[in-house]
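In: Whatever this is, show me its structure:
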Amino acid sequence: MDQVRCITALLSMHAGMFAMQNVAGDPEEKREALLRVATELVTAANPPGRRPARPDSTQTEAP
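Out: The predicted structure is shown next:
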């Protein structure tokens, strides 16, 4: 599930820049909105305090 969030964050940045070209508004505000959404997805996949996944284990939760 976390990998899906991270991949979605990357794709939202990439596709969002193209999709937002035809949406009215300040380009900088649109860019910031896309970046905020992507950052929220990555943060949800990697919350603070959670240990990184070890290659030899599926354990990722902090003890």
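In: And the helix or strand encompassing Arg36, what's buried?
Out: Arg36 belongs to helix 27-45 when assigned by DSSP states H and E. For helix 27-45, the buried set under the neighbour-count rule, 16 or more other CB atoms under 10 Å, comprises 30, 34, 38, 41, 45. All C-beta spots, glycine's among them, are computed from the backbone N, C-alpha and C.
In: Give me the contacts around that helix.
Out: 1-3, 5-6, 8-10, 12-13, 16-17, 20, 23 (CB atoms under 8 Å, 6 or more residues apart in numbering).
In: now do stretch 2-13
Out: Contacts of stretch 2-13 (CB under 8 Å, 6+ apart): 34-35, 37-39, 41-42, 44-46, 60.
In: Now render these as CSV, adding pLDDT.
Out: Listed next are those as CSV, based on pLDDT from 0 to 100:
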residue, pLDDT
Leu34, 88
Leu35, 89
Val37, 87
Ala38, 84
Thr39, 86
Leu41, 81
Val42, 81
Ala44, 81
Ala45, 78
Asn46, 75
Thr60, 50
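In: That's all I had, so thanks and see you.
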